[in-house]
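Asker: I would like the atomic coordinates for the input below:
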Amino acid sequence: MSEVLSQNEIDSLLKALNSGEIDVDVMKDNEDGSIKNYDFKRPSKFSKEHLRTLELIFEHYGRLLSTNLPVYLRKNVQVSVAYSESVTFSEFSNSLGNPSVLSIIKFDPLPGDIMINLTSNLGFTMVDRMLGGPGKTIDKVRDFSEIELRIIEKILVISMQLLREPWKNVIEINPLLDRIETNPQFAQIIAPNEMIAIVTLNMKIGDVEGFMNVALPFLTIESVIDNLNTKFWFSNMTSFSEEDYNEYIAGMLRRVDVPLKCLLGKSSVTVSDFTNLSIGDIIRLDTNVESALEIYVGNIRKFTAVAGASNDKYAVKVTSVIREEE
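Answerer: Here you go, the predicted model:
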């Protein structure tokens with residue numbers, strides 16, 4: 001029998017009670033029913049269906065992190081969903097270490113904030129990689145410096161913007177980083193007894209492994225909680241044909257910024273001459289104004305060009321394309 005009776009079932013039950021077919025005392029003594037204890041201190045606001053849909057959303061988010069963060073960290077990054085659960089905010093806050101990287105994110109247009117927590121070893125690994133190190137964490141636990149937090153903030157802003165795509169099947173969001181805390185006591189975004197959904201991601205940067213916890217308060221996502229079911233989520237997924245997908249990828253590539261430089265020539269000078277250079281000095285190069293110049297895209301020699309001017313500015317005109325086989 002389902003938990004909710006239909007009107008016909010209610011009418012049949014009342015009729016049976018009035019006619020004496022069902023004894024009320026027998027029903028009271030029957031302990032084999034589906035009566036469940038309800039904890040008013042921990043109301044169950046997130047169903048298994050809600051948590052499963054959140055896992056699907058953050059599985060997509062994990063794939064985006066795995067493909068985007070290596071560009072900045074220059075290290076292999078693996079992210080996968082470990083588990084999800086529903087707890088009170090105080091239980092979650094008490095389980096966090098100190099220090100931790102706690103980013104408070106405004107989840108516009110939804111009310112309130114969400115929280116993304118990184119374990120400290122991941123934070124120190126990101127700092128080490130961004131500063132050119134091998135990506136090792138520290139052995140001794142200590143607080144993050146202001147400079148380290150600013151470096152981590154750059155990675156968190158990038159990670160936060162990646163939330164847009166996984167959530168677009170539920171609602172178009174505009175996440176905005178509010179602040180970063182390292183002490184859980186200063187990261188109280190809701191009342192301690194309020195319920196939140198926790199999605200825990202396992203993150204591995206090179207050889208360093210840790211957890212990323214995403215805390216989603218019920219009060220924040222209450223207005224879209226009915227959309228957090230797999231049927232609604234899959235029904236709103238946009239299906240791309242192969243041509244549309246290729247065009248989408250091409251459009252993404254066209255928006256990528258790449259460094260472009262033109263090598264005007266080379267010259268050898270003594271250290272003494274170099275240290276005495278001043279504004280207006282002339283350096284003789286090994287090329288002349290009619291020589292073919294080399295244009296580099298990143299560190300790859302890609303074009304040849306000639307020097308010139310355009311609208312009172314120095315410019316070069318591309319004369320040929322250098323193929324890979326060349």
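Asker: so what does the helix or strand hosting Val87 touch, helix or strand wise?
Answerer: In the assignment (DSSP states H and E), Val87 maps to strand 77-88. If you count contacts as 3 or more Cβ pairs under 8 Å, 6 or more residues apart in numbering; DSSP states H and E, strand 77-88 packs onto helix 48-73, strand 195-205. All C-beta atoms are positioned from the backbone trio N, CA, C, and that covers glycine.
Asker: looking at the ones you listed, which is buried most?
Answerer: Comparing those by mean neighbour count (mean count of other Cβ atoms under 10 Å), strand 195-205 ranks first with a mean of 21.
Asker: next, the angle helix 48-73 makes with it.
Answerer: Between the axes of strand 195-205 and helix 48-73, defined by axes from the mean of the first three to the mean of the last three Cα atoms, to 10 degrees, the angle is 30 degrees.
Asker: let me know the angle separating strand 195-205 from strand 77-88.
Answerer: Going by the same axes, to 10 degrees, strand 195-205 makes 160 degrees with strand 77-88.
Asker: which elements pack onto strand 195-205?
Answerer: With contacts taken as 3+ Cβ pairs under 8 Å, 6+ apart, strand 195-205 sits against helix 48-73, strand 77-88, helix 89-94, helix 120-130, strand 208-217, helix 218-221.
Asker: after the third one, which helix or strand is next?
Answerer: Past helix 89-94, further along toward the C-terminus, the next helix or strand under DSSP H and E is strand 101-108.
Asker: quick one: buried residues of stretch 87-106?
Answerer: Buried positions in stretch 87-106, judged by neighbour count with 16 or more other Cβ atoms under 10 Å: 87-89, 92-93, 96, 99-106.
Asker: stretch 207-214 too?
Answerer: Neighbour counts over stretch 207-214 (16+ other Cβ under 10 Å) mark 208, 210, 212-214 as buried.
Asker: and for stretch 306-326?
Answerer: So, applying 16+ other Cβ under 10 Å, buried residues of stretch 306-326: 307, 316.
Asker: re the thing from before, tell me which of the helices and strands packed on strand 77-88 sits nearest to Ile283.
Answerer: helix 48-73 (35.7 Å; Cβ to Cβ).
Asker: just checking, what packs against that closest one?
Answerer: If contacts are counted by 3+ Cβ pairs under 8 Å, 6+ apart, helix 48-73 sits against strand 77-88, helix 120-130, helix 146-161, helix 164-167, strand 195-205, helix 230-235.
Asker: what is the orientation angle of it with helix 146-161?
Answerer: 130 degrees.
Asker: average pLDDT for helix 48-73?
Answerer: Here helix 48-73 scores 88 as its mean pLDDT.
Asker: and what of stretch 112-122?
Answerer: Mean predicted confidence for stretch 112-122 is 89.
Asker: part of a strand, is Ser12?
Answerer: No - counting by DSSP: H, G, I helix; E, B strand; the rest coil, Ser12 is located in no strand; its state is helix.
Asker: quick check: pLDDT value at it.
Answerer: At Ser12, the model reports a pLDDT of 77.
Asker: how many neighbours does it have?
Answerer: Each residue near Ser12 was counted by other Cβ atoms under 10 Å, and the total is 13.
Asker: so how far is Gly298 from it?
Answerer: 76 Å (Cβ to Cβ, to the nearest Å).
Asker: what do you get for Ile171?
Answerer: In terms of Cβ to Cβ, Ile171 sits 38 Å off from Gly298.
Asker: out of those two, which sits in the more crowded spot?
Answerer: Looking at Ile171 and Gly298 with other Cβ under 10 Å, you find the greater number of neighbours at Ile171, namely 14 against 9.
Asker: tell me the contacts of that one?
Answerer: Each residue near Ile171 by Cβ atoms under 8 Å, 6 or more residues apart in numbering is listed here: 109-110, 224, 227.
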